[in-house]
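Student: What follows is a predicted protein model with its sequence.
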Amino acid sequence: MADLTIPTEPIGSIPRPKTLLKAIEAKQGCATDPSLEPLYEAAVKDTIEQFEATGSPVVTDGEQRKYHNFWTYAVHGSPNTSADGFKIPFAAGHTRRMPRLHTKPFRYQRYADQYLSEALRYTRRPLKQAVISPSALSLLYPAQGIADYPREQFISDLLQEHVTEVRRCLEKGAVTVQIDFTEGRLAMKIDPSGLLLSRFVELNNLALARFSIAERRRLGVHTCPGGDLDSTHSADVDYAELLPSLFLLDVRNFYVALASERDRAYVLRMIRDRLKPHQRVFVGVVSPISARIETPEEVRDRILEAARYIPIEQLGTTDDCGFAPFCDDESTSRETAFAKIKSRVQGTALAAAELGGTVDQR
């Protein structure tokens, strides 16, 4: 087994520097103000340097430039949207709200490959890029419809924009493009019948079908119960309601939040029974919504537990979620986030040594 490796990757977001957040606040929340440019640049550079210091074989820009959040960055500032869209309720009692599309057409305001362009200036390590799923953005379209813009045309435009973004990221050199699918588990809370989740999976597979087999090997899907202000939106939804549908998505890599689950063995058994031979699952081994920093030994033990259910050649490690998917979330510090990432990297190396493999250094 000496030639086997255990890859380890981050999910995405890192808490923004306080100087950047205060500057955005001073601009009345106008995150796109040109005067903020030097602060964004400094944040990206520092994030990558700190990522490299953890020993992480794969790095990201920490989503420092994703305006406001990971969900609506692509459409932030769209002139044909209003602020009264879909509500995302969190267990702590607060909500986040999406924009609502009110007139045609649906178009991205920015593609995530622009973040890669900047990050490439600061590192030679493999770069990962997270993008939002078509199913998440489908919630921008209002239930009552838009008079001269049927849903079918909206979906066509949405798929085109998503595929364009992913392909641009691949062409720019992303080692992996991760499609954020946090709404998967939430869908079962909104619609326990499972119909909404089925529609989400079908929509995402329509997009994935436009990529070649080789391209899909560089794609992955991330699922978690949400993470914002140390709270979740769907942790009370049993994974049994999501996982059978999740592994129907036509990608190679799956990033599954696990560290914060009460019964990890229960989830691992379900993953074992549904994981296809060509798929790899990156299990979450650190919890971003917990203030306690896991030790490398704890991470090692979680990986060894996972290896009892998942073949090592199909196993990877990750964080449960991003550390600050919504940019104003200061519940976790940058220092804590990177300490957790360092524990993940070191714990993966410890587990790999016990299992007779190595950490994938790409």
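Tutor: Perfect, thanks for sending it.
Student: which ones are touching the residue most central in space within the chain?
Tutor: Closest to where the C-alpha atoms of the chain average out (C-alpha atoms, centre = their mean) is Asp180, at 4.1 Å. Going by C-beta atoms under 8 Å, 6 or more residues apart in numbering, Asp180 touches 12, 70-71, 130-133, 136, 222. Where C-beta positions appear, they are placed from N, C-alpha and C, glycine not excepted.
Student: Tell me which of the residues you listed fall in helices.
Tutor: Ala136 (DSSP state H).
Student: In CSV: the contacts of Asp180, plus distance to Ala92 and neighbour count.
Tutor: Shown next, in CSV, are the contacts of Asp180 (distance: C-beta to C-beta, whole Å; neighbours: other C-beta atoms under 10 Å):
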residue, distance to Ala92, neighbour count
Gly12, 21, 25
Phe70, 18, 24
Trp71, 18, 24
Ala130, 24, 28
Val131, 27, 25
Ile132, 23, 24
Ser133, 24, 23
Ala136, 21, 26
His222, 22, 28
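Student: can you tell me which of the contacts of Asp180 lies nearest to Glu354?
Tutor: His222 (26.7 Å; C-beta to C-beta).
Student: Would you confirm that the closest one contacts Gln178?
Tutor: Yes - using C-beta atoms under 8 Å, His222 is in contact with Gln178, at 5.3 Å.
Student: Touching both of the two, which residues are there?
Tutor: 11-12, 130, 255.
Student: residues in contact with Tyr130?
Tutor: Not Tyr; residue 130 is Ala. 11-12, 60, 63, 70, 112, 177-180, 222, 322.
Student: again, only this time at 7 Å
Tutor: Ala130 sits next to 12, 63, 70, 178, 180 when contact means C-beta atoms under 7 Å, 6 or more residues apart in numbering.
Student: Could you dump these into a markdown table and include distance to Thr318?
Tutor: Converted to a markdown table, those look like this (distance: C-beta to C-beta, whole Å):
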| residue | distance to Thr318 |
| --- | --- |
| Gly12 | 10 |
| Glu63 | 15 |
| Phe70 | 15 |
| Gln178 | 9 |
| Asp180 | 13 |
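Student: Now do the strands in this protein.
Tutor: 5-6, 81-82, 87-89, 95-97, 100-101, 128-132, 176-180, 219-223, 253-256, 280-286, 315-319, 358-359 (DSSP state E).
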